[in-house]
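Novice: Fold the stuff below for me.
(one chain, ligands or ions: 1)
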Amino acid sequence: MPIHLRAETGDYAPNVLCPGDPLRAQYIAERFFEPGFRQVNAERGMLGFTGTFEGRPISVQSTGMGCPSAGIVFEELGMLGVERMIRVGTCGGIQPNMSMGDTVVAIAASADDQTALQYAQMDGFAPSATFVLAERAAALSRDSGRFDVHIGSVVSSAVFYHPDTNVVSRWRRLGHLGVEMEAAMLYTVAAVRRVEALAIMTVSDVYAGEEPPVRISDDDLKNGVDQMMEIACRVAVS
Ligand code: HPA
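Specialist: As a prediction, this is how the structure comes out:
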């Protein structure tokens, strides 16, 4: 039994959804899993549940915020035999064609956080998604509905309240679609452990120029998350 996920092999399904927020994990289980799901972790409030989606086993496990916290959870899920991890979170949208509630599928995650690079033991490592999962998410997103789906790279930043007012411009220049805080760690742990990984995010705030970001309303966030989750659940059990 690992230190932070107080579970045994078999408590998690092979395919696990990984939101940052513990209450989002509970929402996902209640809204998308069939009745009868069970709680498999509550250590440090990091809620985790196992159940079924369209008759197939699935789990959801919250990771907390940032690469250090998320890395512990990804590593321990690996120890417990999990084969596929899908991060379902939020990101800041940083390209001009992006709107609140849009979905971002991250094919790569630049590690602007030493945690992932320290774990990789290689400064130039390129954390990237499992291609078949990105391909399935792309296919499913063609009839995804109300919000646009963007497919490309994101930045995994170590700092939410960044003191450098030019940092978003530098990320934008390199074509990143969004900024979040966990995907690079997921892709690095998954690469080392030879498991499958994909990060899908709902745009929760939009960065235009150098201005501070504008944040989504709670209602729009819920609708955006629901669209993202339809894609993520299907990719998870595919
Ligand atoms: N920065 C970092 N992580 C995030 C953001 C952001 O603006 N929005 C959602 N997750």
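Novice: which SS class is the closest residue to the ligand within the chain?
Specialist: Per CB to the nearest ligand atom, residue 92 is where the chain lies closest to the ligand, at 2.9 Å. All C-beta atoms are positioned from the backbone trio N, CA, C, and that covers glycine. Under DSSP: H, G, I helix; E, B strand; the rest coil, the three-state class of residue 92 is strand.
Novice: is the ligand contacted by the host helix or strand of residue 231?
Specialist: Here residue 231, judged by DSSP states H and E, is contained in helix 218-237. No: Helix 218-237 does not reach the ligand (CB under 6 Å from any ligand atom); its nearest approach is 10.2 Å.
Novice: What would that helix look like as CSV? C-alpha coordinates only.
Specialist: This file holds the C-alpha atoms of helix 218-237, laid out as CSV (Å, rounded to 0.1, in the frame of the first residue of the first chain):
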residue,chain,number,x,y,z
ASP,A,218,-18.7,28.9,-12.6
ASP,A,219,-21.6,28.0,-14.9
ASP,A,220,-19.6,28.2,-18.1
LEU,A,221,-16.8,26.3,-16.4
LYS,A,222,-19.2,23.5,-15.6
ASN,A,223,-20.5,23.3,-19.2
GLY,A,224,-16.9,23.3,-20.5
VAL,A,225,-15.8,20.6,-18.1
ASP,A,226,-18.8,18.4,-19.1
GLN,A,227,-17.8,18.6,-22.8
MET,A,228,-14.2,17.8,-21.9
MET,A,229,-15.4,14.8,-19.7
GLU,A,230,-17.5,13.3,-22.5
ILE,A,231,-14.3,13.1,-24.6
ALA,A,232,-12.0,12.0,-21.6
CYS,A,233,-14.3,9.2,-20.4
ARG,A,234,-14.5,7.7,-23.9
VAL,A,235,-10.7,7.9,-24.4
ALA,A,236,-10.2,6.4,-21.0
VAL,A,237,-12.2,3.2,-21.6
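Novice: Check which residues of it are buried.
Specialist: With burial defined by 16 or more other CB atoms under 10 Å, the residues of helix 218-237 counted as buried are 220-221, 223-233, 235-237.
Novice: Contacts for stretch 44-58 next, please.
Specialist: For stretch 44-58, the external contacting residues (CB atoms under 8 Å, 6 or more residues apart in numbering) are 4-5, 7, 11-17, 22-23, 25-26, 28-29, 32-34, 36-42, 59-64, 73, 233, 236-237.
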